[in-house]
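1. structure for this input, please:
(chains A, B, C and D, ligands or ions: 2)
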Amino acid sequence: MSLKQIDERRLREVALTPDEYRVIVQALKRPPNDVELGMLGVLWSEHCSYKTSKELLRKLPSTGPAVLQGPGENAGAVSIGGGWAAVFKIESHNHPSAIEPYQGAATGVGGILRDVIAMGARPIALLDSLRFGPLPASRRHFEGVVAGIGGYGNCIGVPTVAGEGYFEDCYANNPLVNAMCVGLVRADQLMRARAEGAGNRLLLVGADTGRDGIHGASFASLELDEDSASRRPAVQVGNPFLEKCLLEACMDLTRTDAVVAIQDLGAAGLTSSVAECAGRVAGAGARIDVLRVPRRERSMSPYDVMLSESQERMLVVVRRGREREVQRIFEEWDLTSAVIGEVTDDGAVTVMEGEDEVARLPVKLLTEGAPLRRLTGVPPEPAPILVIDSLPPPADLGATLLQLLASPNLCSRMPVIRRYDHMVGDSTVIEPGGDAAMLRVKGTRVGLAVTTACNSRYCELDPNLGAQLAVAEAARNIIATGAQPLAVTDCLNFANPDRPEVYWQMEETVAGLAQACRALEIPIVSGNVSLYNESSGGAGIYPTPVVGMVGQIDDYAERLHAGFRHECDFVLLIGSSHNDLGGTEYLKVVHGKVAGRPPALDLVRERAVSRLILTAAHAGLLRSAHDCSDGGMLVALAEACLLAGFGMRGPALEPEPPLRLDAAFFGESPSRFIVSAPSRAMPELQSLARRHHVEIALLGLAGGDVLELEGQLRVPLSDLRQAWEGGLA
Amino acid sequence: MVVFPGTWSDRDCGWVIDQVLGAELRYLWHKDADLKGCDCVILPGGFAYGDYLRTGAIARFAPVMEKVIEFADQGGLVWGICNGFQILCEADLLPGALIRNSSLEFRCEWTHLVVERADLPFTSGCEEREVLRIPISHGEGSYFADPATLSRLEQNGQVVFRYSDVEGRVRPNANPNGSLHSIAGIVNERGNVLGMMPHPERCAEPELGGTDGLKLFRSVMHSAVEVLTV
Amino acid sequence: MTAIVARVIVTPKPAVNDPQGITVRQGLATLGFGEVTDVRVGKYIEVRLDVRNEKEARERVEAMCRQLLANHVIEDYSFDVDTDGRSSK
Amino acid sequence: MTAIVARVIVTPKPAVNDPQGITVRQGLATLGFGEVTDVRVGKYIEVRLDVRNEKEARERVEAMCRQLLANHVIEDYSFDVDTDGRSSK
Ligand SMILES: Nc1ncnc2c1ncn2[C@@H]1O[C@H](COP(=O)(O)OP(=O)(O)O)[C@@H](O)[C@H]1O
Ligand SMILES: [Mg+2]
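-> Numbering: from 1, shown residues only, chains lettered A, B, ... in the order given. Ligands and ions are numbered 1, 2, ... in the order given. As a prediction, the model looks like this:
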């Protein structure tokens, strides 16, 4: 079969290359028909096949004593004690959100919820990691995405408790919307989406299938260009109400042993869920009849049905003969369900339209057949060097602090947080706004801390170090609450990897993630990759490896908040500061530069500091803890005051040379915390710090209505608040 | 505890009732045709039927609502929280309607409420003029009624909670959603049907940031027991 | 049986303030549509039904509006019915 | 200058999922309106504007629809304009 016989336009439509087409024809020993071509096209898209990133991802550590399920399933799972497992995953919905911010973000939330539900877990928290171009130009994206995330999460009744929001030029045409979901399940009831047992039935439940989002997966694997407009029907409209019913019905399924597996329908719809489910069991296949698929529209072809990305659908593998029992559960929730086929042992996905076979493809070809793309990375021009000696010292520390607090990247997230229901579930014991949020596991004393982190400016300047810093910051967020980091889910957002510099960024990022996760002993149990975040002509995004992390505390009564708790407590800086001004918010906001090397990270020190904080927290020596990250020490200090509602007073801070004053205040050296402690705890804290070889410095006493360092800085709390709360207006 | 498809505060309220208070809890499904002998019916928060068309519009016609209306007419205690309040208005058990927040945004935040009536089965554990700190979480909680209805509500003392500042002063900037007269909760004339937008079940344990909500649940529990023993 | 399409329009009563309308008007002004003096935002509901004739359709749709589609406290409604049963397809 | 009222109807595109419409149809069925075969829910926007003539009104409202009133990714729109400038009062 020569390539001539297939229309090139048709190949482009299904996003396959001529080479890939050749591989298909060779494997099948015949040309694929149209339906088969469409099915292969979506499953071989970057979004589903990971053909560009698979090799790299193998380098990530994914094992550890708490890991119950690593990568390869719909979500990862770790044991959190008391017989419970935390199930979590992060996923991108960047491309749909660029086109239709509200629905794109909403359906992103819907999709990640289904991944967790498919593991048999009840979702207990959502997180959103967002990036936009600068305001006000990107306000439409920002408002739409925030409304969409709230629109879905609020309606379904899962609290949105944490996340991030950054504004940088590189995201102006390519906003990033990464959503993470955390769920709970009894460890012995964890489900896996494996199509076991030939003869078992495939039940499709939830929404009727329409012509939505056909080719959405391939669409997410292309750059955005002029043409995107014509692919716009690829955007789907979510129905959180239906998903709420689906969620409850799936939870009810745990009452029966009639269910073998649950698999969500996400990108590439029925095609990928059937193939993936079968692909997880050696030799398994599936046979389905598209005529049995409930539809929303008339005259849909088998092609449409197999590729539709209609939301709010699940595939349930039911033991043969027990279909009615399971269907009754869905009926109770007024949900449509239909037996559309069965599990086979012929290793093939067979699609029937009544009596006619319309497609038949080997499962392995669908799920693993895409030829891996071996790209080579070439380092780009080195980042601009920063000569810190050329930086003038800050003229007015107070004014600089106010300027930083008002920066959209640092200011209060309250205008976003209050649009999300972050309390439903009655479990939020640390509300959003500090470092990690914390949820209690009802019926136990266990608290689950959750966070996302990534400073992509660091990653742009040095992707390897930037990725390490993202892991370290996420871990510090968890530790600031008194919890122990358990595991990571990561979302790797990049520009077009066909450019060697971008592929190099991917290699470096993965190396950095792997190194930091190994050193801190935090495995990566799930994740997602989003490539081609680049518009034709325009520049691509910064490398953005978003790190989602969960941590655990045995008794949430010992948890710590970020804000000070009591007036007259001692305020301390834990950890040491260096001349880390490269890539900082201070450098960008005050000096208009993105330059230098990101802050240096010593993973051994990072561990020592973490251990100190956790030991002190556990011993009840601390009243609050807040990690120093973007904006540096002074911003962290101001935040701890603002969250408390009172100020702090201390002597002037005189850094010892060679530490510069601006670096001491606004440098972003990692491995540091602002903590507060009652005076009686001081001796023990000091000796603990000595034992851990960690610096500890007294900054002052909490209280009053100003933030004051005598003779150096004196800002009323109300001024801080005005700057901080107005940053997103 | 009535559960409609799309309800989500059922488990939170249920937790307070049976885990925090140790009272007896029954769930009522929207298709149920009887109230299983409950002493107080709670319509909890959520997005029943997605709140499509209008909040509470479709839920109001669920089979169980017929029994709830009967029960209310006989003087039974009915307590609508958030979505439950919206449903009670749609069902004409309470006057007025809840419309889109004036900010046009969903709002989830702590609010202060001043208690205007402490003689009701729902508020007997509170002091009159007491200020409660209870969170809200809604996109359509702006109370509206025509002027005649409003003045009737005021004259009859049917306004139970008003949004206020920490000191209990009712002021425009303490009103999170544009409700007329800063209304956060009202009761029917007979005093047995309460609707309120804030979520008391979210502040019934200290680890959740406060226990003011528990006062309302305790009041209801005691009243229900009294009704039973009278 | 005839296929009928009813187009129902539900608008906020004049006394009910319509923050959405105000916001849309401001949005339009920002976009340079200064000539706009007022905006009200309501709902449009298209109902297809199988009935014997137009008269029955009117009665049924009137009933739907009263019972479900509009809330008389805050909304007004109006509708027309049409036998062609095609429209917006 | 003439006071004109434009009535804009924004509906979900035919191929786009309309959860609201589906749920309202089910709600109507529960209420005994089994004759309803389909419901689509959209927006109704009444815009009052001061322009020179009807032609200008049409052009301006068309522009408003394209720029703000409808989300052309998932919605269609249609409108009519009317010079009497009273309507729905
Ligand atoms: N960056 C990554 N790090 C670790 N695991 C990953 C990463 N990207 C994807 N994975 C894993 O690969 C599998 C397939 O991912 P994906 O296609 O996003 O899942 P789904 O089909 O459920 O949406 C999942 O188990 C996911 O956790
Ligand atoms: Mg999945």
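2. how much space between A:E332 and ligand 2?
-> Applying Cβ to the ion, to the nearest Å, the value for A:E332 to ligand 2 is 25 Å. Bear in mind the C-beta positions are built from the backbone N, C-alpha and C, glycine included.
3. for A:Y420, same thing?
-> A:Y420 is 23 Å from ligand 2, by Cβ to the ion.
4. for A:I149, same thing?
-> 19 Å.
5. for A:S97, see how far away that residue is.
-> According to Cβ to Cβ, to the nearest Å, A:I149 and A:S97 sit 10 Å apart.
6. return every residue with contacts to both of those two.
-> Contact criterion Cβ atoms under 8 Å, 6 or more residues apart in numbering or on different chains; residues shared by A:I149 and A:S97: A:A105, A:G108, A:V177.
7. need these in CSV (columns: secondary structure and neighbour count).
-> What follows is the shared contacts of A:I149 and A:S97, written out as CSV (DSSP: H, G, I helix; E, B strand; the rest coil; neighbours: other Cβ atoms under 10 Å in any protein chain shown):
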residue, secondary structure, neighbour count
A:A105, helix, 31
A:G108, helix, 25
A:V177, strand, 31
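8. nearest to D:L28, of those residues?
-> A:A105 (30.6 Å; Cβ to Cβ).
9. pLDDT score for the closest one?
-> Note for A:A105: predicted pLDDT of 98.
10. would you say A:I288 is within a helix?
-> No: A:I288 sits outside any helix when classified using DSSP: H, G, I helix; E, B strand; the rest coil, being strand.
11. so it versus A:V339, what's the distance?
-> Taking Cβ to Cβ, one finds A:I288 at 10 Å from A:V339.
12. and the strands in chain C?
-> C:2-12, C:36-51, C:75-82 (DSSP state E).
13. in the shortest one, which residues are buried?
-> By neighbour count with 16 or more other Cβ atoms under 10 Å in any protein chain shown, strand C:75-82 contains the buried residues C:E75, C:D76, C:Y77, C:F79, C:V81.
14. and the last one, what does it touch?
-> I take that to be C:V81. Going by Cβ under 8 Å, 6+ apart, C:V81 touches C:I4, C:V5, C:A6, C:R7, C:E54, C:A57, C:R58, C:V61.
15. 6 Å - rerun?
-> By Cβ atoms under 6 Å, 6 or more residues apart in numbering or on different chains, the contact set of C:V81 is C:I4, C:A6, C:E54, C:A57, C:R58.
16. which other helices and strands contact the helix ranked longest in chain B?
-> Counting by DSSP state H, the longest helix found in chain B is helix B:212-229. Judged by 3 or more Cβ pairs under 6 Å, 6 or more residues apart in numbering or on different chains; DSSP states H and E, the packing partners of helix B:212-229 are strand B:131-138.
17. CA atoms only: put the strand it packs on into PDB for me.
-> The C-alpha coordinates for strand B:131-138 follow below in PDB (Å, rounded to 0.1, in the frame of the first residue of the first chain):
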ATOM      1  CA  VAL B 131     -24.000  37.900  66.400                       C
ATOM      2  CA  LEU B 132     -23.300  34.500  64.800                       C
ATOM      3  CA  ARG B 133     -20.300  33.800  62.500                       C
ATOM      4  CA  ILE B 134     -21.500  31.400  59.800                       C
ATOM      5  CA  PRO B 135     -20.200  31.000  56.200                       C
ATOM      6  CA  ILE B 136     -22.200  31.400  53.000                       C
ATOM      7  CA  SER B 137     -21.700  29.600  49.800                       C
ATOM      8  CA  HIS B 138     -24.000  30.600  47.000                       C
END
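18. does chain A sit close to that strand?
-> Yes: judged by Cβ under 6 Å from any Cβ of the partner chain, strand B:131-138 comes into contact with chain A at B:P135, B:S137.
19. show me what counts as buried in the lengthiest helix in chain A.
-> As assigned by DSSP H, the longest helix anywhere in chain A is helix A:500-520. Neighbour-count burial for helix A:500-520, counted by 16+ other Cβ under 10 Å, picks out A:502-517, A:519-520.
20. likewise stretch A:398-413?
-> For stretch A:398-413, using 16+ other Cβ under 10 Å, the buried residues are A:398, A:400-413.
21. near ligand 1, which residues of chain A?
-> Within chain A, the positions near ligand 1 by Cβ under 6 Å from any ligand atom are A:48, A:57, A:60, A:71-74, A:89, A:91, A:115, A:266, A:490, A:492, A:524, A:526-529.
22. what comes into contact with the host helix or strand of A:L637?
-> Using DSSP states H and E, A:L637 maps to helix A:632-644. Residues from elsewhere that reach helix A:632-644 (Cβ under 6 Å, 6+ apart): A:401, A:404, A:410, A:562-564, A:626, A:628, A:647-648, A:665-668, A:674, A:707, A:720-721, A:724.
23. and A:P657, that one's in a helix?
-> No: counting by three-state DSSP, A:P657 is located in no helix; its state is coil.
24. tell me how many other residues crowd it.
-> Using other Cβ atoms under 10 Å in any protein chain shown, A:P657 has 6 neighbouring residues.
25. got it, and the one 3 residues further on?
-> Here the count is done by other Cβ under 10 Å, and A:R660 has 20 residues near it.
26. repeat for A:A644
-> Residues within reach of A:A644, counting by other Cβ under 10 Å, total 23.
27. repeat that for the one 4 residues further on.
-> Taking other Cβ under 10 Å as the criterion, the count of residues near A:M648 is 27.
28. my guess is it meets A:G700, correct?
-> Yes: look at A:M648 against A:G700 with Cβ atoms under 6 Å: they come within range, at 4.9 Å.
29. now do the shared contacts for these two.
-> A:V571.
30. partners of the residue of chain B found nearest chain C in the sheet?
-> In chain B, the residue that lies nearest chain C is B:A97 (4.4 Å; Cβ to the nearest Cβ). With DSSP bridges as the criterion, B:A97 is bridged to B:F144.
31. correct me, but it touches C:V73?
-> Yes: contact criterion Cβ under 6 Å: B:A97 and C:V73 qualify, at 4.4 Å.
32. and these two? Which one has more around it.
-> Taking other Cβ under 10 Å, B:A97 and C:V73 do not tie; B:A97 has more neighbours (23 against 19).
33. how about the contacts made by the more buried one?
-> The contact partners of B:A97, by Cβ under 6 Å, 6+ apart, come to B:C89, B:F144, C:N71, C:V73, C:I74.
34. ok so, going back, so A:I288 and A:V339 - more neighbours on which side?
-> Neighbour comparison, A:I288 and A:V339: the larger count goes to A:I288, with 24 against 18 (by other Cβ under 10 Å).
35. need the contact list for the more buried one.
-> Neighbour list for A:I288: A:I340, A:G341, A:V351 [criterion: Cβ under 6 Å, 6+ apart].
36. do that again at 7 Å, thanks
-> A:I288 makes contact with A:L202, A:V274, A:I340, A:G341, A:V351, A:M352 under the criterion Cβ atoms under 7 Å, 6 or more residues apart in numbering or on different chains.
37. which one (most neighbours) among these?
-> In the contacts of A:I288, the most neighbours by other Cβ under 10 Å go to A:V274, 30 neighbours.
38. now that one. Nearest residue, chain neighbours left out?
-> A:A286 (4.9 Å; Cβ to Cβ, 6 or more residues apart in numbering or on different chains).
39. tell me how many other residues surround that neighbour.
-> With other Cβ under 10 Å as criterion, A:A286 counts 28.
40. and for C:D38?
-> C:D38 has 14 nearby residues by other Cβ under 10 Å.
41. so what's the closest residue to it other than its chain neighbours scoring on pLDDT?
-> Spatially, and ignoring its direct neighbours in sequence, C:D38 is nearest to D:R48 (4.2 Å; Cβ to Cβ, 6+ apart). Among the per-residue scores, D:R48 shows a pLDDT of 96.
42. cheers, nothing more for now.
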